[in-house]
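# got a sequence here, can you build the structure:
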Amino acid sequence: MSTAYSPVVRERETFRVSSTTRYAALFRHVDFTLLFLIIMLALAGITTLKGAVAGITALEPVASKQIAFFWIALAALAFTFFLDYRWLNRAALLVYLLNICALIFVIAKGSSVNGARSWIDFGPINWQPSETMKIATTLVGAQWLALHPEGARDWRGIIIPGVICGIPALLVLLQPDLGTASLFFVLCLAMMLIGGVPRQRIAIILIAALVGLASAYPFLKPYQKNRIIVFMNPEADPAGAGYNVIQSKIAVGSGGLLGQGWGGGTQSTHRFLPEHHTDFIFASFTEQFGFVGAMALLAAYLLLVWRMMRAIEQARDRFGSIIVAGLAAVFVGHVVENIGMTMGVLPVTGIPLPFLSYGGSFLITTFVLFGIVMNVASRRYTLAGP
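All right, here's what the predicted structure looks like:
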């Protein structure tokens, strides 16, 4: 009996070896610095949460839930990393449309938290479509800009990405969630910049946006106007709209150089600081770990941004570069806005802080975001295609 392989068997064996070799090469080029930072920041977030809610019976379960979210997020990162990002190119439009449908459903029948309809409930599981919408929008915007490099140089490079980002931004604004809606604008600018849109036109967009924001003030809702007034002068309403910012500043200042220690923040544990486990988690972190801890946290964020910039430069194609640019803009937007509002230098918008703020949708989405970044960064070394 002949022991020679049939053509079909040889083809299967070749495919098996090729796939094994490809994934081995992919694993060898994992950005372990990026992975280490992600895990350490997530663990720092869990530690901060446990300290912030210590002794508060109603909030103590959030730390345990965040641990469960961490393991789910880690699995999501692994899946996203091993799924070749060029397959995401094929699924981008479908993912985008599904998320648009989810946003429409949220406006109509979503559950309300703090006056905003942002959630879809699946029994004990809550999903915030605006979080996954950021990734879906990035994929579709990158897809168009990568396929139409000539279009990026004319007015289509502004109009089409503007529509792609503008539709979800409008739907999120209707929830209403002004802070998250503004991130789609930042995302759009970043993709256009890396996608080849002339910088002069991007500057025009920025100027037009500033004029539009100023013109929109009379049409804002009362609570939105109060946030702007309080941003300029928190003492104008110290017991109302300005309360959160004032308490946040007190918490940050009370941390001093080395902090009050894990679980020792008085503003958090005595519940003077509202939303200290979500929106104002940075104030709680600084209260516990002080100026030194805050600088270490900012250094970790800067290292993440640096690794993302390297991924943009070294990506093997335009699609990969534009994806990472958009995702980097989303990440930086979250960090800058959250810390800025905590310190009172930016208006309060309810934007969570990556890795630290409590929330399953946000933590999992953030891990998926970095899974895609690691995917793009590693696959520049691997074979030509899936």
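
# for the protein, which segments are assigned as strands?
In the chain, the segments counted as strands under DSSP state E are 111-113, 116-122, 125-127.

# which strands and helices lie in contact with the second one?
Taking 3 or more C-beta pairs under 8 Å, 6 or more residues apart in numbering; DSSP states H and E as contact, the helices and strands that strand 116-122 lies on are helix 85-109, strand 111-113, strand 125-127. For the C-beta atoms, the positions are set from N, CA and C on the backbone; glycine is no exception.

# hmm, who's touching the longest one?
Under the contact criterion C-beta atoms under 8 Å, 6 or more residues apart in numbering, helix 85-109 has outside partners 117-120, 127, 129-130, 132-133, 135-137, 139-140, 142-143, 146, 164, 167-168, 171-172, 174-175, 319-320, 323, 372, 375-376, 379, 385-386.

# compute the inter-axis angle for it and strand 116-122.
Helix 85-109 runs at 110 degrees relative to strand 116-122, counting by axes from the mean of the first three to the mean of the last three C-alpha atoms, to 10 degrees.

# okay, buried residues for helix 85-109 please.
Neighbour-count burial for helix 85-109, counted by 16 or more other C-beta atoms under 10 Å, picks out 85-86, 88-89, 92, 95-96, 99-100, 102-103, 106.

# count of residues packed around Asn244?
Around Asn244 there are 23 other residues, counting by other C-beta atoms under 10 Å.

# can you pull the contacts of it?
Listed by C-beta under 8 Å, 6+ apart, the contact set of Asn244 reads 273-275, 279-280, 348.

# who wins for neighbours among those residues?
Highest neighbour count within the contacts of Asn244: Phe280, with 29 neighbours (other C-beta under 10 Å).

# list the contacts for the closest residue to that residue other than its chain neighbours?
Spatially, and ignoring its direct neighbours in sequence, Phe280 is nearest to Ser248 (5.2 Å; C-beta to C-beta, 6 or more residues apart in numbering). Counting by C-beta under 8 Å, 6+ apart, Ser248 touches 273, 280, 283, 341-344.

# need these in a markdown table with distance to Lys65, can you?
Output for these, formatted as a markdown table (distance: C-beta to C-beta, whole Å):
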| residue | distance to Lys65 |
| --- | --- |
| Leu273 | 20 |
| Phe280 | 19 |
| Ala283 | 21 |
| Met341 | 24 |
| Thr342 | 23 |
| Met343 | 28 |
| Gly344 | 30 |
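
# can you select the buried ones from those in PyMOL?
Here is the PyMOL command that selects the buried residues among the contacts of Ser248 (16+ other C-beta under 10 Å):
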select buried, resi 273+280+283+341+342+344
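
# of the contacts of Ser248, closest to Ser357?
The nearest member of these to Ser357, counting by C-beta to C-beta, is Phe280 at 8.9 Å.

# on that earlier part again, just the contacts of helix 85-109: which are in helices?
129-130, 132-133, 135-137, 139-140, 142-143, 146, 164, 167-168, 171-172, 319-320, 323, 372, 375-376 (DSSP state H).

# for Val211, the count of nearby residues, please.
10.

# quick one: pLDDT of it?
Listed pLDDT for Val211 reads 82.

# equivalent analysis for the one 3 residues further on, please.
Confidence at Ala214, expressed as pLDDT, is 72.

# go on, the one 3 residues further on?
Listed pLDDT for Tyr217 reads 71.

# show me what the longest helix along the chain is packed against.
What stands out as the longest helix in the chain, according to DSSP H, is helix 281-314. Secondary-structure packing of helix 281-314 (3+ C-beta pairs under 8 Å, 6+ apart): helix 32-53, helix 243-254, helix 266-269, helix 318-343, helix 360-378.

# between it and helix 243-254, how many degrees?
80 degrees.

# angle of helix 281-314 against helix 360-378?
Orientation of helix 281-314 against helix 360-378 (the same axes, to 10 degrees) gives an angle of 20 degrees.
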